[in-house]
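1. Kindly generate the corresponding structure for this input.
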Amino acid sequence: MRVVIVGGGEAGYHVAKSLSKKNDVVVIEKRLDACERLGVLDVQVMHRNGADIRVLQDAGVGKVDLVVAVTGVDEINILACMAAKLISKGVKTIARVSNPDYINKPVDHREALGMDALICPELSLAREITQVISIPSALDVGDFADGKVKMMEFVVKEDHEIAGKKLRDADLPDNCIMTGIFRGRKLLIPHGDDVVQLGDRVVLVGRSEMIDVLQASLGLGWQDKKQKILIVGGGDVGFYLLEELGKASYDITIMDLNKDRCGELAECFPDVLVINGDGTDLQLLEEEDLLEKDVVVSVTDRDETNLLSSLLAKELGVAKVISRTEHTEYAPLFEIVGVDVAINPILATVNEVMKFTMQVGISSIINLEGEKANLIEITAKRGSKVIDKPLEDIRFPKDAIVCVIVKGGEVIVPSGKDAIGVGDKVVIFSLPGGFRCNRRTSDDAWGTDAAPDWSCYFTMGSMGRS
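-> Below is the predicted model:
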């Protein structure tokens, strides 16, 4: 595809990095330092203003397939998409927005206004944090197939029944499968004889009810008392967090340095304790007993503040600390030094853009441990290679496995005898290279040295490709 990206900051850089491997990409960016950083990628860089319709014309928007606007200003992103549609009605457009006045869900569609998709990474981040908070031992939680399938990643501890057992003896509930084990820096695809060790970070996928049963049996849920949560940072992510957490019964406190912002939050959320203060001020935290909490979430727009407040909370005994980081490469570093969960909002934008460019019916993508592995949901199309064949008869890529098949309302953890039908939703555990589309695959999908990715197996047949 031919793609124009408006905005070359952190989000634009990572979108360009992901797309440039298989597509022709032009990035328009005003800041010289950002342009210089983009120079290491295989993209064309224009040091200009992407909101100017003449610049978009010079970038060739009239002949491109997709325009992605990901600057830090909502209005510029919206304007760039509208201008692109004026130049070419056939171009697809994606705008990143953060302001709650413009969007109330992670992904929205406003074709009438010139935007095929609006993406709100801050709201995506808030929902992900809310899910992680709901299970105290969880490092990550996610849903697939309209909530019928759930994924949970958690740390194995001494009191967990599966600790020290071979996977075949772990007695997992029906319709539930362990798809991956992160052990130190290694990722293991588990087999029956593998032993689950203390400290392993295991990934379970299955029917939502069965994951809930396992959660209860392992004691992963909160006890009966009302949980106390401190949020450091009252910006867009903090605002969305208050909205999401307010749907459950939590005792919530939020801190922010901006006095006016505190007033706005207090007016919008009368049941929340709002404190004007610094989340890294140890004396203030101790005086107000603000670290007598079950969870501390640091979501300011500064990585240094988030890391410091998280480490202070951990040092003072908070059971679970969650931190936002604006740099994707920082997330594993945060966790190495003591943060329980570090989450980056940019990956939500990258994933949504990847769905557009792949054009193969991917409904959902969840990144695990940064980008060490992925869980993806694909709908199988008529004419694809996998339809009505037993899984054991199909030579799939070695770096991806079928976790779950959803047939209508039925959730199946498949064996080799099971087959995928037209319209089935399939959840796949994959290493990062396992779902990048290889459009150059020959008609003999099984005979090539470079096997096609999962998405090609499931959907390319319906699009005239192998």
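2. Where do the helices of the protein begin and end?
-> Taking DSSP state H to define them, one finds helices in the chain at 10-19, 32-38, 53-58, 74-87, 121-134, 208-217, 236-245, 259-268, 282-287, 303-315, 331-336, 346-358, 454-459.
3. Deepest-packed of those, please.
-> Mean neighbour count (mean count of other CB atoms under 10 Å) peaks for helix 454-459 among these, with a mean of 26. Bear in mind the C-beta positions are built from the backbone N, C-alpha and C, glycine included.
4. what about that helix, average pLDDT?
-> For helix 454-459, mean pLDDT is 53.
5. Could you do stretch 70-81 as well?
-> Here the average pLDDT along stretch 70-81 is 95.
6. C-alpha coordinates for it, CSV please?
-> C-alpha atoms of stretch 70-81 as CSV (Å, rounded to 0.1, in the frame of the first residue of the first chain):
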residue,chain,number,x,y,z
VAL,A,70,-1.2,11.0,14.5
THR,A,71,0.1,14.4,15.6
GLY,A,72,-0.3,15.5,19.2
VAL,A,73,-3.1,17.9,18.3
ASP,A,74,-6.6,16.4,17.7
GLU,A,75,-7.8,19.3,15.5
ILE,A,76,-4.8,19.0,13.2
ASN,A,77,-5.4,15.2,12.8
ILE,A,78,-9.1,15.7,12.0
LEU,A,79,-8.3,18.6,9.6
ALA,A,80,-5.7,16.5,7.8
CYS,A,81,-8.1,13.6,7.3
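7. before we move on, the earlier item: relative to Met178, which of the helices of the chain is closest?
-> Smallest distance to Met178 across the helices of the chain (CB to CB): 10.2 Å, for helix 208-217.
8. for the record, mean pLDDT for the closest one?
-> Helix 208-217 comes out with an average pLDDT of 81.
9. by contact count, what packs against that helix?
-> strand 149-155, strand 176-183, strand 201-207 (3 or more CB pairs under 8 Å, 6 or more residues apart in numbering; DSSP states H and E).
10. could you give the angle of it to strand 201-207?
-> 140 degrees (axes from the mean of the first three to the mean of the last three CA atoms, to 10 degrees).
11. any residues touching helix 208-217, and which ones?
-> 135, 143, 147-152, 161, 172-176, 204-206, 220-221 (CB atoms under 8 Å, 6 or more residues apart in numbering).
12. same question, stretch 230-237
-> By CB under 8 Å, 6+ apart, the list of residues contacting stretch 230-237 reads 98-100, 122, 125-126, 238, 241-242, 252-256, 258, 261-262, 265, 274, 279, 290-291, 293, 295-301, 305-306, 309, 313, 324, 345.
13. Phe154 reaches Val132, doesn't it?
-> No. Applying CB atoms under 8 Å, one finds Phe154 not in contact with Val132, separated by 10.0 Å.
14. Mind listing the shared neighbours of the two?
-> Taking CB under 8 Å, 6+ apart as the criterion, Phe154 and Val132 both touch Ala138, Leu139.
15. first vs last residue of stretch 240-251, how far apart are they?
-> Taking CA to CA, to the nearest Å, the first and last residues of stretch 240-251 lie 16 Å apart.
16. go on, stretch 51-66?
-> End to end - CA to CA - stretch 51-66 spans 15 Å.
17. Okay, now the unreliable bits of this structure?
-> 219-225, 290, 358-361, 370, 433-466 (pLDDT under 70).
18. Domains of it: list them as residue ranges, please.
-> Under automatic domain parsing, the residue ranges defining each domain of the chain are 2-119, 137-217, 227-335, 348-463.
19. Format these as CSV; extra columns: distance to Val341.
-> Formatted as CSV, the domains of the chain follow (distance: least, CB to CB, whole Å):
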stretch, distance to Val341
domain 2-119, 18
domain 137-217, 6
domain 227-335, 5
domain 348-463, 11
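20. Does Val3 touch Val70 like I think?
-> No. The criterion here is CB under 8 Å, and Val3 misses it with Val70 at 11.7 Å.
21. circling back: out of the contacts of helix 208-217, which end up buried?
-> Taking 16 or more other CB atoms under 10 Å as the criterion, what is buried in the contacts of helix 208-217 is 135, 143, 148-152, 172, 175-176, 204-206, 220.
22. With distance to Gly408 added, can I get the helices of the chain in CSV?
-> Below are the helices of the chain laid out as CSV (distance: least, CB to CB, whole Å):
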stretch, distance to Gly408
helix 10-19, 34
helix 32-38, 46
helix 53-58, 45
helix 74-87, 37
helix 121-134, 26
helix 208-217, 16
helix 236-245, 30
helix 259-268, 41
helix 282-287, 52
helix 303-315, 43
helix 331-336, 37
helix 346-358, 24
helix 454-459, 18
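23. between these, which gets nearest to Asn104?
-> Judged by CB to CB, the one of the helices of the chain that comes nearest to Asn104 is helix 121-134, at 7.9 Å.
24. check contacts around Val297.
-> Ile129, Ile133, Ile229, Leu230, Ile231, Val232, Leu241, Val321, Ile322, Ser323.
25. Can you name the residues bridging to it?
-> Ile231, Ile322 (DSSP bridges).
26. Next one: it from Leu230, what distance?
-> Separation of Val297 from Leu230 (CB to CB, to the nearest Å): 7 Å.
27. same deal with Pro270?
-> Distance from Pro270 to Leu230, by CB to CB: 18 Å.
28. Of the two, which one has the most company?
-> Using other CB atoms under 10 Å as the criterion, Pro270 and Leu230 rank with Leu230 on top: 27 against 7.
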